[in-house]
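K.L.:
Predicted model, plus sequence, below.
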Amino acid sequence: MSMEANEVKGRTCHFVMVHGATLGGWCWYKVADLLLKAGHTVSSIDMASGGIDPTNADQVSSLQQYNQPLTDFFTALPSQDKVIMVGHSAGGFNLSFTMEHFPDKIAAAVFVTAFMPLSGTTLSDMISEDLMLLDSLEKKFPLWEEPVLYTAKNYGSVRRIYVVAKEDKLFVEAFQRKMIAENPPQMVYEIEGSDHTVVFSKPLRLAEVLIGIANICL
């Protein structure tokens, strides 16, 4: 379905975008522009030490601290409002944490070639082979030690959607499918020809998927 058709038929909603490791809310600019032109509202949040957030990554020692900007956003969100959360890569931990704490404010959580951890999983559990790579990057990424914890009552009440990037060389498709099999979401979409940074390689297709999700979930 074309973007034009979705603009006419789609329902407007509020998308909350969560970036992955070493990036910031800025990375969503292409997708956000397409969603805004389709009449939606978009909030792209910088996690602690991400984007232009001034926090020093070395001072971020917990997922709760890393997620604080997102927690502040949801705390200020009017109680009657519901959003669609979209997380990329390591942002899947942020989605999981926020789903547990604000389930009534989330209509759906979309994991875009993102970590979709089981409760009790730590970040180190999932990226242990890549710790040296993360430490060598120009912009540091905080590494917290405690596991993400969630319940069927809260986290489990939020509709989950996974978006598979078929040509991802970082989170290869087999890894994405393993997470899907271990923690099955309600829906799975595929984006052909996309590398790990779907927001840059296939922004139009990702925007189309998100608009379609809004039509279903709201």
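P.N.:
Nice, I can see it.
K.L.:
Now the element after the helix or strand Ile84 falls within, going C-ward?
P.N.:
Per DSSP states H and E, Ile84 falls inside strand 83-88. Counting by DSSP H and E, the element after strand 83-88 in chain order, helix or strand, is helix 91-101.
K.L.:
Return the list of helices and strands in contact with that next one.
P.N.:
Here helix 91-101 touches strand 14-18, helix 63-66, helix 68-76, strand 83-88, strand 106-112, going by 3 or more CB pairs under 8 Å, 6 or more residues apart in numbering; DSSP states H and E. (C-beta placed from N, C-alpha, C; glycine too.)
K.L.:
relative orientation of the third one and strand 83-88 in degrees?
P.N.:
With axes from the mean of the first three to the mean of the last three CA atoms, to 10 degrees as the criterion, the two stretches helix 68-76 and strand 83-88 enclose an angle of 170 degrees.
K.L.:
now helix 68-76: how far from the chain's centre is it?
P.N.:
With CA atoms, centre = their mean, to the nearest Å as the basis, helix 68-76 stands 15 Å off its chain's centre.
K.L.:
Can you identify each of the helices in the protein by residue range?
P.N.:
3-9, 29-37, 63-66, 68-76, 91-101, 123-127, 131-136, 173-182, 198-201, 203-217 (DSSP state H).
K.L.:
Which strands and helices lie in contact with the fourth one?
P.N.:
The contact analysis (3+ CB pairs under 8 Å, 6+ apart) places helix 68-76 against strand 14-18, strand 41-45, helix 91-101.
K.L.:
Need the ones you listed in a markdown table (columns: mean neighbour count, mean pLDDT and distance to Thr197).
P.N.:
Formatted as a markdown table, the helices and strands packed on helix 68-76 follow (neighbours: other CB atoms under 10 Å; pLDDT from 0 to 100; distance: least, CB to CB, whole Å):
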| stretch | mean neighbour count | mean pLDDT | distance to Thr197 |
| --- | --- | --- | --- |
| strand 14-18 | 25 | 97 | 14 |
| strand 41-45 | 19 | 96 | 15 |
| helix 91-101 | 25 | 97 | 12 |
